[in-house]
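# what follows is a predicted protein model with its sequence.
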Amino acid sequence: MESEFDWLTLDEGEEVLWADTPHQYSLVPALVVGIPLSLFLVGVPIVVSAYLTYKNTNYVVTSAALYKKTGVLSRSVQRIEFDKVQDTSYSQSFFGGQFGYGTVDISTAGGAGVELSFQSVSDPQELQTLINGRIRTREAPADDKATVLDDILGELRAIRQAVEGEESTTPPADATATAATETDEAMFEHGEPVSVDESEAADGPAGDDDGR
């Protein structure tokens, strides 16, 4: 891995899922145009440029991100994490459709158009499917969190209903006082002694002043 991708630095636990270079038949258009023009020395730069681009371009898909390395005299490495990918698409030119290669475009959330292109890769539809699968895998933890939150809310609702049920079965204070009054009345009707307030006993029965 290090000898093949000395430009690639992976995070801990990150694994390479797919790696490729531009399809070899992607050189065909440059050869078709460049070889006839090479008689006038104009086509030589076209062929050389296409070949150097082919040899110095690498594409890598890992479990966490997408990588693209380009550059002949210098080196440029582009990295986009799956969390930032918003949309993917692929296209094939006439030659691409004939020889089985195409371009996969990656758009990011908040970005302006296409942010990353895997150009002239073999079977672009299969690569797009791989990328979309990884995007769904990375989104799965968010769904799990939502499920956990729903479970917690359900438990809280059950606890609340249980507490409200207990409060409804407990008799209020007014009901207790009413029950006590009814008990006193029943005792009076059966001739049982009933307590009399001391202040009323001291004043005597009503109407004593008139008898005097």
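Good, I have the coordinates.
# and the nearest residue in space to residue 19 that is not next to it in sequence, how far is that from residue 94?
Closest residue in space to residue 19, ignoring its immediate chain neighbours: residue 60 at 4.7 Å, by C-beta to C-beta, 6 or more residues apart in numbering. Backbone N, C-alpha and C define where each C-beta goes, glycine included. Distance from residue 60 to residue 94, counting by C-beta to C-beta, to the nearest Å: 28 Å.
# what's the average pLDDT for stretch 31-42?
Here stretch 31-42 scores 83 as its mean pLDDT.
# coming back round to it: quick one: the residue nearest to residue 19 and residue 5 touch, right?
Yes - counting by C-beta atoms under 8 Å, residue 60 does reach residue 5; the two are 6.7 Å apart.
# okay, the two: which has more neighbours?
Taking neighbours as other C-beta atoms under 10 Å, residue 60 and residue 5 compare with residue 60 leading, 22 against 15.
# so what's the more buried one bridging to?
Beta bridges link residue 60 to residue 19, residue 67, judged by DSSP bridges.
# wait, what's in contact with it?
Residues in contact with residue 60 (C-beta atoms under 8 Å, 6 or more residues apart in numbering) are 5, 8, 16, 18-19, 66-69.
# same question for the host helix or strand of residue 132, mean pLDDT?
Take DSSP states H and E as the rule and residue 132 turns out to sit in helix 124-169. Averaged over helix 124-169, pLDDT sits at 76.
# now stretch 76-95: buried residues?
The neighbour-count check on stretch 76-95 (16 or more other C-beta atoms under 10 Å) flags 80, 82, 85, 88, 90, 92, 95 as buried.
# which helices and strands does whichever strand or helix holds the last one pack with?
When you say that, I think you mean residue 95. In the assignment (DSSP H and E), residue 95 maps to helix 94-99. Here helix 94-99 touches helix 28-37, going by 3 or more C-beta pairs under 8 Å, 6 or more residues apart in numbering; DSSP states H and E.
# report the inter-axis angle for whichever helix or strand comes after the helix it packs on versus helix 28-37.
Using DSSP H and E, the helix or strand that follows helix 28-37 in sequence is helix 43-55. Angle, helix 43-55 to helix 28-37, by axes from the mean of the first three to the mean of the last three C-alpha atoms, to 10 degrees: 160 degrees.
# who touches helix 43-55?
21-22, 24, 26-27, 30-31, 33-38, 70, 72.
# if you rank those residues by neighbours, which is first?
residue 26 leads the contacts of helix 43-55 on contacts (other C-beta under 10 Å) with 24 neighbours.
# Provide the secondary structure category for the nearest residue to that one once chain neighbours are set aside.
Closest residue in space to residue 26, ignoring its immediate chain neighbours: residue 120 at 3.5 Å, by C-beta to C-beta, 6+ apart. Look at residue 120: counting by DSSP: H, G, I helix; E, B strand; the rest coil, its state is strand.
# for residue 120, give me its contacts.
Per C-beta under 8 Å, 6+ apart, neighbours of residue 120: 22-23, 26, 96, 101-103.
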